[in-house]
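Undergrad: No sequence on hand, only this structure:
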């Protein structure tokens, strides 16, 4: 088939594993929203003794990459401790699928974020979370590492697409090295806002493009 | 290898009709010369005659004279010529205000944006939720420096047909030029330039079983317009370059082969498809129920994403299109779906079906069966729509 997806991606897309909802889950998360595009829900059952993921299920409202990545992360996470599962990266998920086209890596990030958010939800429920930290340069950098450059399939920091950013009084201003009318300008702007704005102390995210 | 594919993306490209290919062949192998003047060699004179005859036939389909049809490489180039050519001719004499709609296809939309970057002022006229232009807003938007109104005859995605005559009359009354992109409606929705006050019309062969790479721009006699691409003096000095004579001859033949009977048949297929698809739960028709292209259906399926839907349909042998961001080259949801006030979700699950000569009734029923299955399967794995 002349499609740009690996056979593994197509296999997981056609027959996604661990699909559905867990009744009375120990934790759950929903990442993304119907308003901005893809959405992933992740449900966990955790063994309190070993802190291992006993059962995991997911649901996807998304494209083939999103469904396939949702499926593979459930396989990767099952049986792992929460700490181990937290460390699963989108690169690992993508590799386990035999690679994804660069333009589609952001879909796999969403699914991996779904898993991490579910684990964080578990920690919150168990009272394992510490107090809220203010947004720092390091935190913004971490979040920007989850925004993909669709031209390369690597994050916007590593590909030097984001030149600079500053945090002042609840406003985060990010400068992107692309012209404002670039093919992916709007997509990158939305993704940056989507990743940074949910921070509790961020009121506004401004994305500027340079010519 | 694609013999069994049920192709429902005829707005993107159509299968060439063999009868078109037949008339094109001599212009590749025998009459391959460029179109020369009457003082040139006979091979070139014959080529010129063929080109002029083709020009006359395509022009005639719009009720226009042969000298009013400019051949181009397709509708992208035609619309670029219309907008940029008029801007070049009138920027200094009259002004630089252009009115268009947010629903236009990329050639018009991005030509307008390019002119905007060079200092033009562009107004995007309001459209209602079916995609029809607000004529009052259009009228109010016209100012003394308005040089052009460019509003499509029909929409490429949701198939909404505009009231081209009413728009033309407003333009005429205010003394403003009117361009319409008729790429998707040419020959399927009547348009006669003797009755409709329109100055420029974009048409293309690729939507009507003609060859790719040939289109036309109707330019009413006396319209102020200048070429924006530099070269020789071909096509009334508006479009330089070696004429694509085989394609022009093919375009003319393709035009002749479209009949009202065929259009009626396609409309029957469209109606059958829409009726059946709307029986699937949580669906809605995008575009206008009445003022729509006879060969276009566009339906949104809630709680599922278009690219997934497309891939599953592809595996079952169907080719359709979607307005989902995941499918687009810019990762943005369809500007048409957002332009009619639809949310991202509606764009996300929108599927376009466009019919052509080779579609049959069985294909419609088969795609309905396939899509019902696929939608049910994707909804099963979706976190939405469970209650």
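TA: All right, it came through fine. Quantities reported herein were computed from a predicted structural model and do not represent experimental measurements.
Undergrad: So the residue in the stretch 151-300 of chain B that chain A sits nearest to, which state does it fall into?
TA: Nearest residue of the stretch 151-300 of chain B to chain A: residue B:300, at 12.0 Å (Cβ to the nearest Cβ). Glycine gets a C-beta too; all of them are placed from N, C-alpha and C. Here residue B:300 is strand, with the state taken from DSSP: H, G, I helix; E, B strand; the rest coil.
Undergrad: hang on, isn't it packed against residue B:352?
TA: No. The criterion here is Cβ atoms under 8 Å, and residue B:300 misses it with residue B:352 at 10.4 Å.
Undergrad: pretty sure residue B:180 contacts residue B:153?
TA: Yes. With contact defined as Cβ under 8 Å, residue B:180 reaches residue B:153; the gap is 4.7 Å.
Undergrad: These two: who's more crowded?
TA: A direct count of neighbours by other Cβ atoms under 10 Å in any protein chain shown for residue B:180 and residue B:153 places residue B:180 higher, at 28 against 25.
Undergrad: Now do the host helix or strand of the more buried one: distance to the chain's middle.
TA: Assigned by DSSP states H and E, residue B:180 belongs to strand B:177-181. Relative to its chain's centre, strand B:177-181 lies at 13 Å (Cα atoms, centre = their mean, to the nearest Å).
Undergrad: what's the closest non-adjacent residue to residue B:221?
TA: Here the nearest residue to residue B:221 in space, its sequence neighbours aside, is residue B:68; by Cβ to Cβ, 6 or more residues apart in numbering or on different chains that works out to 6.0 Å.
Undergrad: for residue A:134, same thing?
TA: The shortest distance from residue A:134 to any non-neighbouring residue, by Cβ to Cβ, 6+ apart, is to residue A:201 (5.6 Å).
Undergrad: ditto for residue A:207
TA: residue A:189 (4.3 Å).
Undergrad: again with residue A:6
TA: Per Cβ to Cβ, 6+ apart, closest to residue A:6 is residue A:98, 3.5 Å.
Undergrad: what's the spacing between the residue nearest to residue B:258 when sequence neighbours are not counted and residue B:179?
TA: Nearest residue to residue B:258 in three dimensions, chain neighbours excluded: residue B:187, at 4.4 Å (Cβ to Cβ, 6+ apart). For residue B:187, the distance to residue B:179 equals 19 Å [Cβ to Cβ, to the nearest Å].
Undergrad: So for these two, which sits in the more crowded spot?
TA: Using other Cβ under 10 Å, the more surrounded residue of residue B:187 and residue B:179 is residue B:179, with 31 against 21.
Undergrad: who's in contact with the nearest residue to the more buried one once chain neighbours are set aside?
TA: Distances taken as Cβ to Cβ, 6+ apart place residue B:200 nearest to residue B:179, at 3.9 Å, with adjacent residues excluded. By Cβ atoms under 8 Å, 6 or more residues apart in numbering or on different chains, residue B:200 lies in contact with B:82, B:86, B:177-180, B:217-220, B:223, B:225.
Undergrad: Okay, the residue nearest to residue B:221 and chain A: tell me how far apart.
TA: Going from residue B:68 to chain A by Cβ to the nearest Cβ, to the nearest Å gives 34 Å.
Undergrad: Tell me the secondary structure at residue B:201.
TA: Here residue B:201 is recorded as strand under three-state DSSP.
Undergrad: which residues does it bridge with?
TA: Assessed by DSSP bridges, residue B:201 has beta-bridge partners residue B:180, residue B:218.
Undergrad: residues in contact with it?
TA: The contact partners of residue B:201, taken as Cβ under 8 Å, 6+ apart, are B:62, B:153, B:179-180, B:182, B:191, B:193, B:217-218.
Undergrad: pLDDT score for residue 147?
TA: All of this refers to chain A. Here the pLDDT value assigned to residue A:147 is 84.
Undergrad: please go with chain B instead
TA: Note on residue B:147: pLDDT of 98.
Undergrad: Quick check: which element contains it?
TA: Going by DSSP H and E, residue B:147 is part of strand B:146-150.
Undergrad: Whichever helix or strand comes after that strand packs against which elements?
TA: Counting by DSSP H and E, the next helix or strand C-terminal to strand B:146-150 is helix B:164-174. For helix B:164-174, the packing partners by 3 or more Cβ pairs under 8 Å, 6 or more residues apart in numbering or on different chains; DSSP states H and E come out as helix B:135-141, strand B:146-150, strand B:177-181.
Undergrad: wait, which of those is closest to residue B:356?
TA: strand B:177-181 (19.3 Å; Cβ to Cβ).
Undergrad: Span of stretch B:172-191 from start to end?
TA: Counting by Cα to Cα, to the nearest Å, you get 17 Å between the two ends of stretch B:172-191.
Undergrad: Contact residues of chain B facing chain A?
TA: Neighbours of chain A within chain B, by Cβ under 8 Å from any Cβ of the partner chain: B:113, B:117, B:303-305, B:307-308, B:311, B:314-315, B:324-327, B:329-333, B:343-345, B:348, B:380-384.
Undergrad: Go again with 7 Å.
TA: Within chain B, the positions near chain A by Cβ under 7 Å from any Cβ of the partner chain are B:113, B:303, B:305, B:307-308, B:311, B:325-326, B:329-332, B:343-345, B:348, B:381-384.
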